[in-house]
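1. model this:
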Amino acid sequence: MSQSPQSAPAVAEPKLTLYGGSNGVGRRVTVRDLAAAKRRGERWPMLTAYDALTAGVFDESGIPVLLVGDSAADNHLGYANTVPVTVDELITLTAAVVRGTKRSLIVADMPFGSYQGGARQALETGTRFLKEAGAGAVKLEGGRRVVPQVEALVQAGIPVMAHIGLTPQSVNVLGGYRVQGRGDEEAERLLADAKSLEAAGAFAVVLELVPEELATRVTELLTIPTIGIGAGPGTDAQVLVWTDMAGMTPGQAPRFAKKYADLRSVLGDAARAYAADVVNGVFPAPEHTFH
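-> Numbers count the residues shown, from 1 in each chain. Take a look at the predicted model:
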């Protein structure tokens, strides 16, 4: 009697550690990976990115999520604030970030005026970011008032990162860049917004300029990850604008930002050294010259 061949042993998929590398998993980070990190208590970093070269550095450094933020308006495109940046401009930047990366989940910010008109407008905008730019998800600002937009996007298969607390697109209504959620009434309103966004299908929520105690409470009550910026250490993840993090932003950095380098000085020194070599006839030298 012939024996049936033994089945090959199952090969376990290599474990994906959210920060630092995939240990052999040849794919991008997904929203399911973020949910799994929340369950096991793994904290992770997020940075903004606006071009392929910089995004590639962050991707190679193991940053699992990159946000093509509407902060590109004032940190990359020279606008005074985030309001003027357009969908077309952010699609161009998002596509560049996607092309420059292999592993990071790329989240595209939906700019002012591109989703406030309702679910249909939000769906049209979100679809463009996925189809034309290759984004893996989109982000929009607002609490319960944007629940219909979140639901429409998620039902269409577009992952949504929510954003509450200080929402820069609404800074004129909020009365400036001030901490949100202070006092019992404001805190309960923000908490209700967070719960509503989770129920609508958002896979994560950014908490910006929120008191530490409130941000920690929201993090404990939600099953989706929270991402803090100026919200203390109790959130599941942290995000910074990369030009603040690397010391490229001129002037005083926001209180919640930590400067990990001084790239503005480094680039300035390099430019001055190059200029001096040109003026003094030192560059190009023989090794830079063809005959």
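2. quick one, helices of this structure?
-> Shown for the chain, the helices assigned by DSSP state H span residues 31-40, 52-60, 72-75, 87-99, 119-133, 147-155, 171-174, 184-200, 212-221, 242-245, 263-279.
3. Now do the fifth one against helix 147-155, angle only.
-> Right, the one you point to is helix 119-133. Put simply, helix 119-133 runs at 40 degrees to helix 147-155, going by axes from the mean of the first three to the mean of the last three CA atoms, to 10 degrees.
4. Low-confidence stretches in the stretch 101-250 of the chain?
-> 170-177 (pLDDT under 70).
5. tell me the centre residue of this structure?
-> residue 67 (2.5 Å; CA atoms, centre = their mean).
6. what's that residue in contact with, if anything?
-> 46-49, 107, 109, 139, 161, 239 (CB atoms under 8 Å, 6 or more residues apart in numbering). To be clear about C-beta, it is placed using only N, CA and C from the backbone, and glycine gets the same treatment.
7. Now restrict those residues to buried residues only.
-> Among the contacts of residue 67, the ones that count as buried by 16 or more other CB atoms under 10 Å are 46-49, 107, 109, 139, 161, 239.
8. what's around residue 37, how many residues?
-> By other CB atoms under 10 Å, the residues close to residue 37 number 21.
9. any chance of the helices of the chain in a markdown table, plus distance to residue 230?
-> Shown next, in a markdown table, are the helices of the chain (distance: least, CB to CB, whole Å):
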| stretch | distance to residue 230 |
| --- | --- |
| helix 31-40 | 21 |
| helix 52-60 | 21 |
| helix 72-75 | 16 |
| helix 87-99 | 23 |
| helix 119-133 | 26 |
| helix 147-155 | 23 |
| helix 171-174 | 14 |
| helix 184-200 | 14 |
| helix 212-221 | 9 |
| helix 242-245 | 11 |
| helix 263-279 | 22 |
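10. do you know which of those lies nearest residue 20?
-> Closest to residue 20 of the helices of the chain is helix 52-60 (CB to CB; 10.9 Å).
11. The closest one - contacts with which helices or strands?
-> In this structure, helix 52-60 packs against strand 65-68, helix 87-99, with contacts taken as 3 or more CB pairs under 8 Å, 6 or more residues apart in numbering; DSSP states H and E.
12. Which of these sits closest to residue 198?
-> strand 65-68 (17.9 Å).
13. Chain neighbours aside, what residue packs nearest to residue 98?
-> residue 134 (4.0 Å; CB to CB, 6 or more residues apart in numbering).
14. Am I right that the one you found is in contact with residue 94?
-> Yes - proximity of residue 134 to residue 94 meets the contact threshold set by CB atoms under 8 Å, at 7.4 Å.
15. Need the overlap of contacts for the two.
-> residue 106.
16. of these two, who's got more company?
-> Taking other CB under 10 Å, residue 134 and residue 94 do not tie; residue 94 has more neighbours (30 against 16).
17. Would you confirm that the more buried one contacts residue 128?
-> No - assessed by CB under 8 Å, residue 94 is found out of contact with residue 128, at 9.8 Å.
18. I'd like the average pLDDT over stretch 59-66.
-> Across stretch 59-66, the average pLDDT comes to 96.
19. Let's have the helices and strands packed on helix 52-60 in JSON lines, adding distance to residue 121.
-> Shown next, in JSON lines, are the helices and strands packed on helix 52-60 (distance: least, CB to CB, whole Å):
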{"stretch": "strand 65-68", "distance to residue 121": "19"}
{"stretch": "helix 87-99", "distance to residue 121": "10"}
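20. most packed of these?
-> Across those, averaging neighbours per residue (mean count of other CB atoms under 10 Å) puts strand 65-68 on top, at a mean of 29.
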